[in-house]
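Asker: pasting a predicted model and its sequence here:
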Amino acid sequence: MKGLRARFKSRKKLVLPLTSLLDMFTIILVFLMVSFQAEDKDFVLHAGLSLPVSDAKSPFKTGVNLALTQEAVLIEGKKVFKLEKGGEVKDEDFDGGRIESVVQGINQAWAQLKKEEDEENIVVIQADKGLPYRTIHLVMRSAAHAGVFRFRLVIEKE
């Protein structure tokens, strides 16, 4: 029995190899930082817009950027249709429930935008919160005539 105790006492104390563990944690940390992908989309908010506020948490998807200001309709930053005072659309400016210049602008933007085969056409709408409903409705109907049936409305997060 004495020999067994002597054998245990003569052994060295166990020490954790911290250098190896720190190296391993550093490699894992670098791997996670490199593989992490944030939701950073190429999106420019049009100046002069006052957006509505929401607390929605759905992910952002890319699409054709359409801005509705009090003065004009812009597609990908290019003015395609001038609005009347107060953001109104005159009755003679649209035909069959659509604004032809908006339809053409969306079609041109989709032709320039590279997208995958299975991806749906999406229009990302920035609309001033003071615009009349009729104007937004006509622009969305025009987008539908261009083959777009999915819309994302840009808002400010609370």
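Answerer: All right, it came through fine.
Asker: hang on, isn't Gly102 packed against Met140?
Answerer: One correction, residue 102 is Val, not Gly. No. At 9.6 Å, Val102 does not count as touching Met140 under the criterion of Cβ atoms under 8 Å. Backbone N, C-alpha and C define where each C-beta goes, glycine included.
Asker: so the two - more neighbours on which side?
Answerer: Val102 (25 against 19; other Cβ atoms under 10 Å).
Asker: what's the pLDDT at that one?
Answerer: Reading off the confidence values, Val102 has pLDDT 89.
Asker: quick check: closest non-adjacent residue to it.
Answerer: Ser142 (3.9 Å; Cβ to Cβ, 6 or more residues apart in numbering).
Asker: number of nearby residues for Glu84?
Answerer: If you count neighbours by other Cβ under 10 Å, Glu84 ends up with 12.
Asker: pLDDT value on the nearest residue to it once chain neighbours are set aside, please?
Answerer: With sequence-adjacent residues excluded and distances taken as Cβ to Cβ, 6+ apart, Glu84 is closest to Lys90, at 5.9 Å. Predicted confidence (pLDDT) for Lys90: 82.
Asker: Lys82 is in contact with Lys90, correct?
Answerer: No. Lys90 lies out of contact with Lys82 (Cβ under 8 Å); the separation is 10.2 Å.
Asker: higher neighbour count, these two?
Answerer: Comparing Lys90 with Lys82 by neighbour count (other Cβ under 10 Å), the higher total belongs to Lys82, at 11 against 8.
Asker: next one: phi and psi at that one?
Answerer: Phi and psi for Lys82, reported as degrees, to the nearest 10, are phi -90, psi 130.
Asker: quick check: Leu49 vs Trp110, distance?
Answerer: Separation of Leu49 from Trp110 (Cβ to Cβ, to the nearest Å) stands at 23 Å.
Asker: over to Ala47?
Answerer: Note on Ala47: its distance to Trp110, by Cβ to Cβ, is 24 Å.
Asker: which one of those two is surrounded by more residues?
Answerer: Trp110 (16 against 7).
Asker: show me the contacts for that one.
Answerer: When contacts are counted by Cβ atoms under 8 Å, 6 or more residues apart in numbering, Trp110 touches Val64, Asn121, Ala146, Gly147.
Asker: next helix or strand past the helix or strand where Ala111 lies?
Answerer: Here Ala111, judged by DSSP states H and E, is contained in helix 100-112. Counting by DSSP H and E, the element after helix 100-112 in chain order, helix or strand, is strand 122-127.
Asker: restricting to C-alpha, output that following strand in CSV.
Answerer: Extracted as CSV, the C-alpha positions of strand 122-127 are listed here (Å, rounded to 0.1, in the frame of the first residue of the first chain):
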residue,chain,number,x,y,z
ILE,A,122,-39.3,42.5,-56.7
VAL,A,123,-39.7,46.2,-56.7
VAL,A,124,-38.3,48.0,-53.6
ILE,A,125,-40.5,51.1,-53.1
GLN,A,126,-39.4,54.2,-51.2
ALA,A,127,-42.5,56.4,-50.8
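Asker: many thanks, we can stop here.
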